[in-house]
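**Q** just coords:
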């Protein structure tokens, strides 16, 4: 199983980015996004169920970030709007196999991508 993130980069505060996570998974899975800022622990950002009908967000990103997925393309997305400097981090996607609901606990993830860096300048 491979998860490959893309779409990170440098953006000014108030700007937007869309991250993608391409997955090589052949079974149902929940997808989640986490981030880790320099000197900080990895934290939950957003999660989406297998069918896409259920989502969950960290309070710090509610109303600004939107998680989605296209199972036909085996790809998940994290649309990030109104970015703030405190959103600067390496963003990781992760998957829990055979999990139909949302998954928010990093300890429960089966697979992780290598991450993509998002830098928000002030």
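**A** Everything's here; your move. These numbers were taken from a predicted model, which means no experiment stands behind them. Numbering: from 1, shown residues only.
**Q** in the protein, which spans are strands?
**A** Remark: strands assigned in the chain by DSSP state E are 3-6, 9-12, 17-23, 29-36, 43-48, 55-57, 65-70, 75-80, 89-97, 111-112, 116-121.
**Q** for the longest one, buried residues please.
**A** Right, strand 89-97. If you call a residue buried by 16 or more other Cβ atoms under 10 Å, then strand 89-97 has these buried ones: 89, 90, 91, 92, 93, 94, 95, 96. From N, CA and C alone the C-beta is placed, and that goes for glycine too.
**Q** strand partners (parallel or antiparallel) of that strand?
**A** strand 29-36 (antiparallel), strand 111-112 (antiparallel), strand 116-121 (antiparallel) (DSSP bridges).
**Q** residues touching the longest one, excluding its own?
**A** Counting by Cβ atoms under 8 Å, 6 or more residues apart in numbering, the neighbours of strand 29-36 from elsewhere in the structure are 19, 21, 23, 42-50, 67, 69, 76, 78, 87, 89-104, 106, 109-110, 115, 118.
**Q** which of those are buried? Put it as a PyMOL command.
**A** Applying 16+ other Cβ under 10 Å to the contacts of strand 29-36, the buried members can be selected in PyMOL as follows:
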select buried, resi 19+21+23+42+44+45+46+47+48+49+50+67+69+76+78+87+89+90+91+92+93+94+95+96+99+102+103+104+106+109+110+115+118
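**Q** hang on, the earlier thing: could I get the strands of the chain as CSV with mean pLDDT?
**A** Formatted as CSV, these follow (pLDDT from 0 to 100):
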stretch, mean pLDDT
strand 3-6, 98
strand 9-12, 98
strand 17-23, 98
strand 29-36, 97
strand 43-48, 98
strand 55-57, 98
strand 65-70, 98
strand 75-80, 98
strand 89-97, 97
strand 111-112, 97
strand 116-121, 98
